[in-house]
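K.L.:
Got a sequence here, can you build the structure:
(one chain, ligands or ions: 1)
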Amino acid sequence: MYFENLREYIQSLEKTGQLKRIKTKVSVDLEIAEILRRLMYQDEGPAVLFEDVEGYKIPVLGNAFGSLRRLKIALDMENFEEIGERMTALTKLKMPHGLLNKFKMLPKLSEISDYGAKNADGGPVTEIVETANPTLDSLPIIKSFPKDSGRFITFGITITKNPETQIRNMGVYRLQVINSKKAIMHWQIHKRGALHYQMNKENMEKTEAAIVIGADPATIFSAVAPVPEGLDKFLFAGITRKKGTNLVKCRTIDVEVPSSAEIVLEGYVDPNELNIEGPFGDHTGYYTPPEPYPTFTLTGIMMRNNPIYLTTVVGKPILEDAYIGKVIERAFLPLVKLFQPEVVDFSMPAAGWFQGLAIISIKKRYPGQAKKVMMGLWGMGQLSLTKILIVVDQDINVHDINDVIWAVTTRADPKRDTMLIENVPTDTLDPASPLLNLGSKMGIDATKKTKEEGYDRPVQEEALADEGTVKLVTKKWSEYGFQ
Ligand SMILES: Cc1cc2nc3c(=O)[nH]c(=O)nc-3n(C[C@H](O)[C@H](O)[C@H](O)COP(=O)(O)O)c2cc1C
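P.N.:
Coordinates of the predicted model:
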């Protein structure tokens, strides 16, 4: 079952015993964040609805997507690769050569029209509209860590349009509140929102932006997903949900938002108004230092009656965003395989905060192929920001860190098999890169080497038990007294 909105999802969490309602009064100042972190560091901590937030009438939802079990409910699927498979199926559409092909295309075309966004006249998000004197003051925006520079909207979806193509984007970028009408927009330079801003800035224009706080799970997931610039993220949300999103027009800007959202902040980002953002306790586990970012000015607010404010807390992994990252890893595997067909599996361990480290297994056919895959991945969207890539053979389980360490230590020679590339884009948040957004990358080719790759010794055979003995011991296992 797909969810139309956040509250249907909350009901489902409650029914399955995965939601805790906290009725005790709590503060937005550090307390909510500490509770959410503490629950996430426990195994399978619940989602939490804070019903009594000191000084605010709006309840706060946190850790809503903080386990794979919850994400399976949220996206209504057991295997997240389905999302990528649906995407790659759409790319297999062929131009019709004849009648037969035309008929074959029809179901696919009707699927696309089902997945696409639709414009609606109104919807629940228009129940309350404030355009005369909108303020951020009624929102229970939290402060996460003691040295954070203020309170941050951490799970808002920023919607912008590419000024040339009008293709819409949704991205989760945090916003630091500086007064009742302004917040600093932390869209990092490599992200689509920042691109739209840059394009408008070149024409000395402001970027209209809507910030959606609280939406149906497929919309939220799509905003976090690294979807390429040419694809409307509402279409991606429709592909994920198998149903298009109903959109309504904002009242003060030319941007559409999901009609079933909880809260929408309308406004613009002015290239002439930079402010210093941060420090902020980030998902690397460190405070990201202060940097200048542009400022969002509020021009209107739409919200439901009795809205729910969605938040999240980042920090040293593993917290809520790690689970969302795992789903992205699985969902994009079919797309990685589309461009790098030798790829068998792919893992971005959560402790490496996703851009830090990725492990890829390949079916190797020719010399140097592991390095070819590395260079391919470093050229693909947000994967280009990955700092360390380890490539292993297909017999290695990329999700078993011991198996990976075994491959690195037995199949790689540091001098021959390590590739270092200097002065390349790095994740903005990387605390170790020598310059902001620029540093080096390391690729480790931990595949078995051939003569052509400079391995001149006789290849050492892996020591494995023979099949006969394995069968014999299996047969007699209980006779030895084992279960
Ligand atoms: C909780 C959370 C907070 C995030 N905060 C930011 C942020 O402040 N700035 C940013 O550029 N990306 C942030 N991201 C990552 C982006 O949402 C992600 O890279 C997304 O793919 C960006 O979309 P885009 O490629 O359409 O810009 C955050 C992700 C999550 C899950």
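
K.L.:
who touches the residue lying closest to Ile83 once chain neighbours are set aside in this structure?
P.N.:
Spatial nearest neighbour of Ile83, excluding adjacent residues (Cβ to Cβ, 6 or more residues apart in numbering): Ala331 at 4.0 Å. C-betas here are computed from N, CA, C, even on glycine. Contacts here follow Cβ atoms under 8 Å, 6 or more residues apart in numbering; on that basis Ala331 touches Phe80, Glu81, Glu82, Ile83, Gly84, Ala225, Thr240.

K.L.:
how does it look with 6 Å?
P.N.:
Phe80, Ile83, Gly84 (Cβ atoms under 6 Å, 6 or more residues apart in numbering).

K.L.:
now the residues you listed as a markdown table including pLDDT?
P.N.:
A markdown table is the format used below for the contacts of Ala331 (pLDDT from 0 to 100):
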| residue | pLDDT |
| --- | --- |
| Phe80 | 97 |
| Ile83 | 95 |
| Gly84 | 94 |
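
K.L.:
Which of those ranks first by neighbour count?
P.N.:
Ile83 (27 neighbours; other Cβ atoms under 10 Å).

K.L.:
what's that residue sitting at in phi/psi?
P.N.:
Per-residue torsions, Ile83: phi -60, psi -50 (degrees, to the nearest 10).

K.L.:
Quick one: the contacts of Ala331 as TSV, columns for distance to the ligand too.
P.N.:
Converted to TSV, those look like this (distance: Cβ to the nearest ligand atom, whole Å):
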residue	distance to the ligand
Phe80	15
Ile83	14
Gly84	15
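
K.L.:
So which of these is the closest to Phe236?
P.N.:
Ile83 (8.4 Å; Cβ to Cβ).

K.L.:
was I right about that closest one contacting Thr240?
P.N.:
Yes - contact criterion Cβ atoms under 6 Å: Ile83 and Thr240 qualify, at 5.3 Å.

K.L.:
OK, contacts around Thr131?
P.N.:
Counting by Cβ under 6 Å, 6+ apart, Thr131 has contacts Arg251, Thr252, Gly300.

K.L.:
Bridge partners for the last one, pull those for me.
P.N.:
Beta bridges link Gly300 to Glu266 when assigned by DSSP bridges.

K.L.:
so how far is the ligand from the nearest residue to Thr126 once chain neighbours are set aside?
P.N.:
Excluding the flanking residues, the one nearest Thr126 by Cβ to Cβ, 6+ apart is Met302, at 5.6 Å. As defined by Cβ to the nearest ligand atom, to the nearest Å, Met302 lies at a distance of 22 Å from the ligand.

K.L.:
give the contact list for Met302.
P.N.:
Per Cβ under 6 Å, 6+ apart, neighbours of Met302: Val125, Thr126, Val129, Val264.

K.L.:
got a markdown table for those residues, with distance to the ligand and pLDDT too?
P.N.:
Shown next, in a markdown table, are these (distance: Cβ to the nearest ligand atom, whole Å; pLDDT from 0 to 100):
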| residue | distance to the ligand | pLDDT |
| --- | --- | --- |
| Val125 | 21 | 98 |
| Thr126 | 25 | 98 |
| Val129 | 27 | 98 |
| Val264 | 18 | 98 |
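
K.L.:
and whichever strand or helix holds the residue nearest to Ile83, how far from the chain's centre?
P.N.:
Here Ala331 sits within helix 320-339, counting by DSSP states H and E. How far helix 320-339 lies from its chain's middle: 8 Å, per Cα atoms, centre = their mean, to the nearest Å.

K.L.:
With stretch 50-70 instead?
P.N.:
On Cα atoms, centre = their mean, the centre of stretch 50-70 falls 20 Å from the chain's centre.

K.L.:
Between the two ends of it, how far is it?
P.N.:
Stretch 50-70 has an end-to-end distance of 18 Å (Cα to Cα, to the nearest Å).

K.L.:
I'd like to know which residues of the stretch 151-300 of the chain are adjacent to the ligand.
P.N.:
154-155, 169, 171-174, 186-188, 191-193, 224-226 (Cβ under 6 Å from any ligand atom).

K.L.:
Highest neighbour count among those?
P.N.:
Trp187 (28 neighbours).

K.L.:
Nearest residue to whichever residue of the stretch 351-483 of the chain sits closest to the ligand in space, ignoring adjacent ones along the chain?
P.N.:
At 5.8 Å from the ligand, Gln382 is the closest residue in the stretch 351-483 of the chain, using Cβ to the nearest ligand atom. Of all residues not flanking Gln382 in the chain, Pro226 sits nearest, at 3.8 Å (Cβ to Cβ, 6+ apart).

K.L.:
cool, Asp121 as well?
P.N.:
Val248 (7.4 Å).

K.L.:
if I pick the one you found, what's in contact with it?
P.N.:
Ala120, Gly123, Ser259.

K.L.:
what's the spacing between Ile324 and the ligand?
P.N.:
Distance from Ile324 to the ligand, by Cβ to the nearest ligand atom: 5 Å.

K.L.:
same deal with Ser12?
P.N.:
In terms of Cβ to the nearest ligand atom, Ser12 sits 21 Å off from the ligand.

K.L.:
For that residue, which three-state class applies?
P.N.:
helix (DSSP: H, G, I helix; E, B strand; the rest coil).

K.L.:
same check, this time on Lys441
P.N.:
With three-state DSSP as the criterion, Lys441 reads strand.

K.L.:
Dig out what it forms beta bridges with.
P.N.:
Going by DSSP bridges, Lys441 forms beta bridges with Ile421.

K.L.:
Quick check: it touching Ile421?
P.N.:
Yes - counting by Cβ under 6 Å, Lys441 touches Ile421, with 4.7 Å between them.
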